[in-house]
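structure for the following, please:
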Amino acid sequence: MLPFLLLTAWLQAPPESHPQDALLLVPDGAWCWFADPRALRSGRATWVGWVDSGGDVCVGKREGESWSTATLHPGFEADDHACPALWADAEGRMHVFYSRHNGSGMFERHTLHPGDPSEWTPERVLRLYGERPGRRTTYPNPVAVPSEGRLYLLWRGDDWKPTFSWSEDEGETWVPAQTLVAPAQRDPSNRPYVKVAPHGGTGFHLAFTDGHPRLEEKNSIRYLCYEEGRLRRADGTPLASLEECPVDIARTEVVYDGASPGGRAWVWDVAEDGAGRPVIVFSMLPSESEHHYGYARWNGECWDVHPITPAGGWFPQTPPGKVEPEPHYSGGIVLDHTHPEVVYLSRRVGEHFEIERWETSDGGASWSSRPLTRGSSHDQVRPVYVRNARPGGLTLLWMEVDRYRHYTDYRTGLRAASLERD
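As a prediction, the model looks like this:
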């Protein structure tokens with residue numbers, strides 16, 4: 001009788017399942033994964049930024065059961081690379097940074113009053129390059145360093161390289177931009193991709209690639225730390241001061257070698273553990289149709305690097321008879337920035353990509369997992385962990401895909417869930 005009951009229960013189960021409290025927070029919203037934070041907790045509220053299918057740059061605030069939104073720039077650019085990044089200042093005003101995909105200038109608006117999304121300052125173009133706005137800006141990443149009283153902003157700059165500036169007056173004025181890291185020969189086609197995370201209150205971690213996996217056959221994952229005015233290796237060895245930038249990328253330490261059997265890589269997230277040591281997650285791409293996820297942590301002496309799980313192939317919906325232009329777009333993986341032994345990832349399960357929670361208790365050598373979505377009728381991709389998440393608030397967001405044929409042709413929503421840690 002038991003097998004029959006199990007079969008009956010399976011037949012009667014809902015075909016699609018999400019976490020119990022998951023909600024479709026944004027019916028029309030998307031993001032790329034190289035602008036961050038895209039979601040953060042400030043006070044008692046969670047703030048989220050996105051770009052919709054018409055190119056509107058939008059921000060929302062969730063507090064309790066209340067949800068309010070603001071459109072900061074209608075029709076800005078229908079491209080998920082134009083998604084905004086968020087930063088809350090000491091008074092609780094929310095600052096939003098956004099740029100077009102390789103656009104001329106970095107834009108900023110912030111709330112007039114702390115915690116209030118109803119009134120915003122006029123849009124302005126940041127003078128990051130002195131008197132000119134910049135010729136090619138993409139991927140804003142604001143990160144505060146309280147010990148210096150500075151707000152740093154990192155982005156992909158005019159020369160396609162990671163670029164930075166800082167402000168000592170909460171974003172009102174900025175020092176002239178400098179390239180952060182570049183090959184000695186300054187190859188104009190080379191474009192390292194960077195992820196940024198705070199290092200306590202004294203600096204920030206940088207995980208980055210040699211370039212784009214489409215252009216770099218042996219694309220590796222590399223690391224730098226900024227602290228006390230200098231860029232350092234994970235063991236604290238100084239490489240250069242900010243004034244000496246750009247750092248030759250060949251001098252930076254290799255976390256994962258793209259020449260290994262796992263194939264070329266692409267970085268997805270970086271965070272720090274309770275001891276302030278960096279943890280990095282990334283995709284490994286032995287072939288364009290075979291993606292895997294990897295996990296690396298600095299153990300105090302060396303980098304421990306381990307596979308997590310196969311991820312399936314690319315997630316964009318390639319039209320029949322067409323060659324996929326972005327075959328290295330994995331479903332996505334992020335770290336729990338509070339407990340980076342936990343990751344949230346998207347991988348193909350059956351017909352669709354699903355969101356799962358994976359956890360390690362031995363530095364990545366072994367993993368346990370459980371699904372957060374199952375039996376989905378749409379792909380569930382690009383998870384985002386809410387920075388500064390706290391119990392009782394939103395923890396995780398991700399994109400639910402109705403259509404994604406290209407980063408300029410998409411119709412996706414944003415789901416959100418509050419996940420208590422096991």
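
from here on, contacts and neighbour counts on C-alpha atoms
OK.

can you tell me the SS state at Thr163?
strand (DSSP: H, G, I helix; E, B strand; the rest coil).

just list the residues touching it, thanks.
Counting by Cα atoms under 8 Å, 6 or more residues apart in numbering, Thr163 touches Leu154, Trp155, Arg156, Gly157, Ala177, Gln178, Thr179, Leu180, Val181.

now Val254
Counted by Cα under 8 Å, 6+ apart, Val254 has contacts Ser220, Ile221, Arg222, Tyr223.

ok, now how distant is it from Asp304?
To Asp304, Val254 is 12 Å away according to Cα to Cα, to the nearest Å.

farthest pair within the contacts of Thr163?
Ala177 and Val181 (12.6 Å; Cα to Cα).

sorry, back to before: scan the contacts of Val254 and report the most crowded one.
Using other Cα atoms under 10 Å as the neighbour criterion, Ile221 leads those with 29 neighbours.

isn't it up against Pro213?
No - judged on Cα atoms under 8 Å, Ile221 makes no contact with Pro213 at a distance of 10.9 Å.

spit out the residues that contact these two alike.
Ala265, Trp266.

who's in contact with Arg405?
Contacts of Arg405 by Cα under 8 Å, 6+ apart are Pro316, Gln317, Thr318, Pro319.

part of a helix, is the first one?
No - under three-state DSSP, Pro316 sits outside any helix and is assigned coil.

touching, it and Tyr404? I think so.
Yes - contact criterion Cα under 8 Å: Pro316 and Tyr404 qualify, at 5.4 Å.

who has more neighbours, these two?
Higher neighbour count among Pro316 and Tyr404: Pro316, with 22 against 18, using other Cα under 10 Å.

contact partners for that one?
By Cα under 8 Å, 6+ apart, the contact set of Pro316 is Glu324, Glu326, Pro327, Tyr329, Tyr404, Arg405, His406.

what's the spacing between it and His406?
Distance from Pro316 to His406, by Cα to Cα: 7 Å.

before we move on, what about Glu168?
From Glu168 to His406 the distance is 38 Å (Cα to Cα).

what sits against Trp160?
Counting by Cα under 8 Å, 6+ apart, Trp160 has contacts Arg136, Pro188, Ser189, Asn190, Arg191, Pro192.

give me the below-cutoff pLDDT ranges for the stretch 101-250 of the chain.
Applying pLDDT under 70 to the stretch 101-250 of the chain flags no residue at all.

can you show me the helices along it?
For the stretch 101-250 of the chain, no helices are identified by DSSP state H, counting those that start in this stretch.

for the contacts of Trp160, which single residue is the most surrounded?
Pro192 (27 neighbours).

so it touches Pro162, yeah?
Yes - between Pro192 and Pro162 there is a contact under Cα under 8 Å: 6.7 Å.

can you check which residues contact both of those two?
Joint contacts of Pro192 and Pro162 (Cα under 8 Å, 6+ apart) are Ala182.

if we can go back for a sec, now the contacts of Thr163 as TSV including neighbour count and distance to Arg347?
Shown next, in TSV, are these (neighbours: other Cα atoms under 10 Å; distance: Cα to Cα, whole Å):
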residue	neighbour count	distance to Arg347
Leu154	24	29
Trp155	28	28
Arg156	25	28
Gly157	28	32
Ala177	20	38
Gln178	20	37
Thr179	22	35
Leu180	23	33
Val181	24	32
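
and Trp67, what element?
strand 66-73 (DSSP states H and E).

helices and strands around that strand, which ones?
Judged by 3 or more Cα pairs under 8 Å, 6 or more residues apart in numbering; DSSP states H and E, the packing partners of strand 66-73 are strand 57-63.

centre of the chain to the strand it packs on, how far?
17 Å (Cα atoms, centre = their mean, to the nearest Å).
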